[in-house]
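S.K.: Got a predicted structure here, sequence first:
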Amino acid sequence: MLVVEDDEDLRFAVVAALRGGGMAVDEACDLPAADEALFVNDYSCVVFDRMLPAGDSAEYVQGMRRDGHTVPVLFLTARDTVADRVEGFATGGDDYLVKPFAVPELVARVRSLCRRVEAPRSPVHRCGGLEINTARRTVHRDGVLLGLTGKEFAVLEMLAARPGEAVRRAELIEGCWDELTEPNSNVVEVLVSQLRRKIGDPPLIHTVRGVGYRLDGESDG
């Protein structure tokens, strides 16, 4: 994984904690260094300080998503308003931790994000013009590359692994969110709505009332 933080002391502490948790960690102090590292290596997760010398890392991540990169991203930031957190998720972040934070919580959140990438990968899945490449972690609809966040890709991957079958909401939460997520929150509904909008028409993700969601090319009607 990669840690991008310009505060040397904080970067040292975060990297040491993650390595102490058994993770292989690269580090960068700014966006140009991060860009070089991401070009050379495939990471299971990237931790970005929100404000870096070269600018707001959220804008950088937004560009990554437009280019089709789905690596999970966790933002570290002192910006703690609801609007700031919403902006972080809207630009492609998968998790958001406000400074000061407890290092064990950071390690737990990063480990949760990494588990999604380390899960066994199945072959390319195709459904109604949708092509999901789990090895490259890319998604195309009718040949057009879709820019998905890591969490969106994780949910779509779970649905694609069981085409035409209803995947329970609880399974999606367990597989794609960390243990701190409130089971009764609407995180799944919000994310599925985002996925449907990005995938476009005709719809491929269908609601199975009282159960969860299924992926197939058949209409609900």
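M.R.: All right, it came through fine.

S.K.: what sits up against the longest helix seen in the chain?
M.R.: In the chain, taking DSSP state H as the definition, the longest helix is helix 103-118. By CB atoms under 8 Å, 6 or more residues apart in numbering, the residues outside helix 103-118 that reach it are 1, 13-14, 17-18, 21, 23, 44-45, 47, 71-72, 74, 76, 94-95, 97, 137, 150, 154, 175-180. C-beta here means a position set from N, CA and C on the backbone, and glycine is covered the same way.

S.K.: if you set the cut-off to 6 Å instead, what comes out?
M.R.: Ala17, Gly21, Ser44, Cys45, Pro72, Asp95, Ala154, Asp178 (CB atoms under 6 Å, 6 or more residues apart in numbering).

S.K.: Now do that helix, average pLDDT.
M.R.: Averaging pLDDT along helix 103-118 gives 82.

S.K.: Just the buried positions in the helix or strand following that helix, please.
M.R.: Counting by DSSP states H and E, the next helix or strand C-terminal to helix 103-118 is strand 125-127. Across strand 125-127, burial judged by 16 or more other CB atoms under 10 Å covers His125, Cys127.

S.K.: who's in contact with strand 125-127?
M.R.: Taking CB under 6 Å, 6+ apart as the rule, strand 125-127 contacts Ile132, Ala160, Leu204, Leu215, Gly217.

S.K.: After that strand, which helix or strand is next?
M.R.: Counting by DSSP H and E, what follows strand 125-127 is strand 130-133.

S.K.: Give the pairing partners of that next one; include direction for each.
M.R.: Sheet pairing here is set by DSSP bridges, and for strand 130-133 it gives strand 125-127 (antiparallel), strand 138-141 (antiparallel).

S.K.: pLDDT averaged over it - what is it?
M.R.: Rounded mean pLDDT across strand 130-133 is 91.

S.K.: thinking again about what came up before, in helices, which of the contacts of helix 103-118 appear?
M.R.: In this view, the contacts of helix 103-118 that belong to helices under DSSP H are Ala17, Ala154.

S.K.: Go ahead and build a ChimeraX selection from the buried members of the contacts of helix 103-118.
M.R.: Command for ChimeraX that selects the buried part of these, burial taken from 16+ other CB under 10 Å:
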select :17,44,45,72,95,154,178
